[in-house]
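Student: Return a 3D structure for these sequence lines:
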Amino acid sequence: MLSNFSALVFKGLKDELLAAQVEARSTKVQLEGEVALNGRLRTAISDLSASWELEPVDESREEALGDALVDQLSYLGATLRDRVRDALHIRVKRAMAVVCSGFSYDMEVVSHGFVTDISRTDVENKERLHALIDDAEVPRERLAKLLEPEVLPLETSSGADEGG
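Tutor: The predicted structure follows:
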């Protein structure tokens, strides 16, 4: 009877050990995937930071790697927002200067946005606005292409989108 009990206990322990080994292999595969993804994210963040000429992530303290990446992403987001806002203001100023270079407009009036015709209804003014926007599409594209190099950094190729 003791040997039957021992055999049952041994079989139960063996089954638990096999189940734990299967779970450990599954966890190992999942962890390896996470490590690979983490490496790709680190590369993408580093490449993006470099393309915007920002300081790279400080990876000297291994225990703070995750925090350093989160901090870098937060800093990158705030910096890009500031730069894009600044670029918008500079480009609007440049676009207004381009208009002034060939035409005579009251810049104070232009700075308030679209001018509505008080003799027209709101619907007519909206239709006119949409027509003006449509008419501006080709010149907008041409002017944007001309000013684009002043706003955007050079494109860099990162291994992040190639699975590397």
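
Student: Could you pull up the mean pLDDT of whichever strand or helix holds V92?
Tutor: V92 is part of helix 65-102 when elements are defined by DSSP states H and E. The predicted model assigns helix 65-102 a mean pLDDT of 81.

Student: Likewise for stretch 121-130?
Tutor: 90.

Student: quick revisit: show me what the helix holding V92 is packed up against.
Tutor: helix 2-51, helix 107-110, helix 137-151 (3 or more Cβ pairs under 8 Å, 6 or more residues apart in numbering; DSSP states H and E). Heads up, the C-betas are built off the backbone N, CA and C, glycines and all.

Student: Just send those helices back as a markdown table, with mean pLDDT and mean neighbour count too.
Tutor: Listed next are the helices and strands packed on helix 65-102 as a markdown table, based on pLDDT from 0 to 100; neighbours: other Cβ atoms under 10 Å:
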| stretch | mean pLDDT | mean neighbour count |
| --- | --- | --- |
| helix 2-51 | 89 | 11 |
| helix 107-110 | 79 | 10 |
| helix 137-151 | 80 | 11 |
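
Student: Please name whichever of the ones you listed is nearest to A95.
Tutor: Closest approach to A95 among the helices and strands packed on helix 65-102 (Cβ to Cβ): helix 137-151, 6.5 Å.

Student: Tell me how far the residue nearest the centre of the chain lies from L54.
Tutor: The centroid of the chain falls nearest to G77 when counting by Cα atoms, centre = their mean (7.8 Å). Using Cβ to Cβ, to the nearest Å, one gets 11 Å for the distance from G77 to L54.

Student: ok, now T116?
Tutor: Distance of T116 to L54, computed by Cβ to Cβ: 43 Å.

Student: Who has more neighbours out of these two?
Tutor: L54 (16 against 13; other Cβ atoms under 10 Å).

Student: quick one: secondary structure of that one?
Tutor: coil (DSSP: H, G, I helix; E, B strand; the rest coil).

Student: Could I get the phi/psi values of it?
Tutor: phi -100, psi 160 (degrees, to the nearest 10).

Student: can you check G113 too?
Tutor: Here G113 shows phi and psi, under degrees, to the nearest 10, equal to phi 100, psi -150.
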